[in-house]
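J.: pasting the sequence and the predicted coordinates here, then a few questions.
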Amino acid sequence: MFMNDVVQVARQEMAEAGYTELKTSEDVDAVIQKPGKTFVMINSVCGCAGGIARPTAKYMKNYDVKADNYVTVFAGQDREATAQVRSYCEGYEPSSPSFALLKDGEIQTMIERHEIEGHEPMEVAEKLENAFDQYFK
């Protein structure tokens, strides 16, 4: 029961931040295959997701450079959707939490767990700002 509560809070946090939750491979394809810029937050229940990744994802919704789509999948919960997102992230190992920047269905870059865990939220935000400036302008 506790884990369900943690998952629900984490899902709600992203929904309130304006992210669309993708739960199936069809949901993922429908967004990522559209022309445009897609920012994916691969969510998880670990402490670094709650203390660093989700707050950073919320912050990025307000950054000057915008994605066309802000979406999230939940690793360990929505396995089909998470696997489908990862299929677009060629060259990167599965990692959660993490962030993927895709443009016209092609991976541009990822911020992986090792770049999130143990870092301050603003450090991660700076990495994402630089990535948005480079790939989404």
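T.: Yes, it's here.
J.: next, residue 14: secondary structure please.
T.: When classified by DSSP: H, G, I helix; E, B strand; the rest coil, residue 14 comes out as helix.
J.: now do the contacts for it.
T.: Residues near residue 14 by C-beta atoms under 8 Å, 6 or more residues apart in numbering: 21, 41, 43, 54, 57, 72. C-beta coordinates here come from the backbone N, C-alpha and C atoms, glycine included.
J.: list the ones among those residues that fall in helices.
T.: 54, 57 (DSSP state H).
J.: will you turn the contacts of residue 14 into JSON lines that also has pLDDT, distance to residue 99 and neighbour count?
T.: Output for the contacts of residue 14, formatted as JSON lines (pLDDT from 0 to 100; distance: C-beta to C-beta, whole Å; neighbours: other C-beta atoms under 10 Å):
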{"residue": "21", "pLDDT": "97", "distance to residue 99": "15", "neighbour count": "17"}
{"residue": "41", "pLDDT": "98", "distance to residue 99": "6", "neighbour count": "28"}
{"residue": "43", "pLDDT": "97", "distance to residue 99": "10", "neighbour count": "29"}
{"residue": "54", "pLDDT": "97", "distance to residue 99": "11", "neighbour count": "23"}
{"residue": "57", "pLDDT": "98", "distance to residue 99": "7", "neighbour count": "27"}
{"residue": "72", "pLDDT": "98", "distance to residue 99": "10", "neighbour count": "26"}
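J.: any low-confidence regions in the chain?
T.: By pLDDT under 70, the low-scoring segments of the chain are 1-2.
J.: so where do the strands sit in it?
T.: In the chain, the strands defined using DSSP state E lie at 20-21, 37-43, 69-74, 98-103, 106-111.
J.: tally up the residues packed near residue 12, please.
T.: Around residue 12 there are 11 other residues, counting by other C-beta atoms under 10 Å.
J.: brain fart, residue 77
T.: 17.
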